[in-house]
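Novice: Next comes the sequence, and after it the predicted model I'd like to discuss.
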Amino acid sequence: METGCKYLGILQNMQNKQKEEKRKVTTTCRKKLRQILKSRLNAKNNIQAINTYAMPVITYTTGITDWNKKEIQDLDRMTRKTMNMYGGLHPRADIHRLYLPRKEGGRGLREVAATVRFQCAGLQEYISKAKEKDPPTEAV
């Protein structure tokens, strides 16, 4: 089995190793979620810790790894399920309220799908601005 090398933290060979990388990111995110939820923080700090400690694991690989819609929904479901297991979310709690900002009466958790869309839009904007200044970027 060829192992490949890491470039910017992403496992690669002659091509990106998508499946291995997705599995690694999912397990790392689950591990960090459990760490946060075991710490018994209050609700506000719990959500804030998830947003700043667990979600960046997923957003870092967004532009390089192709996440399909089902995988992103599964990550969101895994987050809610883990929160439910550790008492961070009631089983019958409103899911939409979980993702609303705290100022609007929600809990303030970042949705994985929205985070991925935001990250992809940022990359597109960066590349479109860079290709105006740099001819090799235009070829990409």
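Specialist: Arrived safely, thanks for sending. Residues are numbered from 1 along each chain as shown.
Novice: quick one, what contacts the residue nearest the centre of the chain?
Specialist: Most central in the chain under C-alpha atoms, centre = their mean is Ile58, positioned 2.9 Å from the mean C-alpha point. By C-beta atoms under 8 Å, 6 or more residues apart in numbering, the residues touching Ile58 are 25, 29, 75, 112, 115-116. Every residue, glycine included, has its C-beta placed from N, CA and C.
Novice: Now do the same contact list for the nearest residue to Leu41 once chain neighbours are set aside.
Specialist: Computed as C-beta to C-beta, 6 or more residues apart in numbering, the closest residue to Leu41 that is not its neighbour in sequence is Ala49, at 6.3 Å. Each residue near Ala49 by C-beta under 8 Å, 6+ apart is listed here: 36, 39, 41.
Novice: Tell me the confidence at the last one?
Specialist: Per-residue confidence (pLDDT) for Leu41: 90.
Novice: Which element, helix or strand, includes it?
Specialist: Counting by DSSP states H and E, there is no helix or strand that carries Leu41.
Novice: Next: the one 4 residues further on.
Specialist: Using DSSP H and E, Asn45 sits within helix 43-49.
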